[in-house]
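Visitor: Next one to model:
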Amino acid sequence: MPAVKPRSWHQNLINERESYNDLVTWEMLLIAAVRVAGSLPVLRWAFVGAILAMLMDLSDLFIRDLVDLGGVKDYQRFDKWLDQVYMLAFLTVALRWDAVPRNIAIGLYAFRLAGFVTFEVSGERDILLFFPNVFEFWFVFVAGVQFFNVRFSYSRAQLAAALPLLLAGKLLHEYSLHVGRWFDGFSSLEAVEAVWNWLTAPFW
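Guide: You can find the predicted model right below:
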């Protein structure tokens with residue numbers, strides 16, 4: 001039986017780099033940089049910054065289709081980790097709100113964080129349906145009330161009307177992404193093309 005030739009330090013270094021590249025690619029770093037940068041404006045402009053952060057949340061879909069820098073490893077986990085960045089930025093702003101909207105925001109954030117931890121442990125996307133990110137919708141709602149100077153007193157009656165609507169909207173969103181997976185068969189460019197064709201189609 002021939003002797004096994006020991007690996008040189010140079011070969012070990014190459015293997016270490018290959019192992020590192022299996023975890024983090026330039027494509028992932030680019031996506032992370034865009035997502036983090038898109039989360040920061042909310043610290044200065046709550047409503048506009050929140051909308052921008054949510055749009056930047058979709059940017060990784062376009063980046064993945066337009067560039068080839070090593071791909072994204074375990075996209076669902078990677079995406080949910082990046083979500084924590086803009087959610088922490090949202091929470092930082094929410095802590096400056098009045099008591100009622102602030103306390104609701106804290107509770108919804110903690111609820112979603114529990115869902116994130118459960119997803120990390122289980123690896124099951126379906127579990128996120130039981131922990132909908134109503135915090136995100138609540139933040140945009142409160143920031144929108146402030147931005148547009150809408151009269152909303154956060155009374156029990158008003159909250160009883162607003163919160164179920166936000167929950168229903170977010171449940172539909174979570175179901176479409178993680179259970180129904182309605183968009184898994186489309187690339188971002190195909191989705192844009194479909195929307196464009198629909199918008200420009202004749203009405204008759």
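
Visitor: buried residues in stretch 67-78?
Guide: Residues of stretch 67-78 classed as buried by neighbour count (16 or more other C-beta atoms under 10 Å): 72, 78. (C-beta placed from N, C-alpha, C; glycine too.)

Visitor: Figure out how far it is from the centre of its chain.
Guide: Its chain's C-alpha centre and that of stretch 67-78 lie 14 Å apart, by C-alpha atoms, centre = their mean, to the nearest Å.

Visitor: what does stretch 70-79 give?
Guide: Relative to its chain's centre, stretch 70-79 lies at 12 Å (C-alpha atoms, centre = their mean).

Visitor: ditto for stretch 95-114
Guide: On the basis of C-alpha atoms, centre = their mean, stretch 95-114 is displaced by 18 Å from the centre of the chain it belongs to.

Visitor: Now the element after the lowest-mean-pLDDT helix or strand in the chain, going C-ward?
Guide: Lowest mean confidence among the helices and strands of the chain (mean pLDDT, DSSP states H and E): helix 9-23, at a mean of 46. The first helix or strand that comes after helix 9-23 along the chain, using DSSP states H and E, is helix 26-39.

Visitor: what's next to the following helix or strand past that next one, contact-wise?
Guide: On the C-terminal side of helix 26-39, the closest following helix or strand by DSSP H and E is helix 46-56. If you take C-beta atoms under 8 Å, 6 or more residues apart in numbering as the criterion, helix 46-56 is touched by 34-35, 37-43, 86, 89-90, 93, 136, 139-140, 143-144, 146-147.

Visitor: Kindly write the PyMOL command that selects the buried subset of these.
Guide: To isolate the buried ones among those in PyMOL, judged by 16+ other C-beta under 10 Å, type:
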select buried, resi 34+35+38+39+41+42+86+89+90+93+136+139+140+143
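
Visitor: now the longest helix along the chain, how far from the centre of its chain.
Guide: Counting residues, the longest helix found in the chain (DSSP state H) is helix 99-122. On the basis of C-alpha atoms, centre = their mean, helix 99-122 sits 14 Å off its chain's mean C-alpha point.

Visitor: Tell me which residues of that helix come out buried.
Guide: Here helix 99-122 shows 101-102, 104-105, 108-109, 112-113, 115-116, 119 as buried, counting by 16+ other C-beta under 10 Å.

Visitor: Closest one of these to Q76?
Guide: When the buried residues of helix 99-122 are compared for distance to Q76 (C-beta to C-beta), F119 wins out at 8.1 Å.

Visitor: now the residue most central in space within the chain, nearest residue through space, not along the chain?
Guide: In the chain, the centroid-proximal residue (C-alpha atoms, centre = their mean) is D83; its distance is 3.9 Å. In this structure, D83 finds its nearest non-sequential neighbour in D57, 7.1 Å apart by C-beta to C-beta, 6 or more residues apart in numbering.

Visitor: Count the neighbours of L166 for me.
Guide: 18 (other C-beta atoms under 10 Å).

Visitor: Let's have the buried residues of helix 99-122 in TSV, adding distance to G169 and pLDDT.
Guide: Below are those laid out as TSV (distance: C-beta to C-beta, whole Å; pLDDT from 0 to 100):
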residue	distance to G169	pLDDT
P101	18	98
R102	22	98
I104	16	98
A105	17	98
L108	14	98
Y109	18	98
R112	15	95
L113	20	96
G115	17	93
F116	20	94
F119	20	90
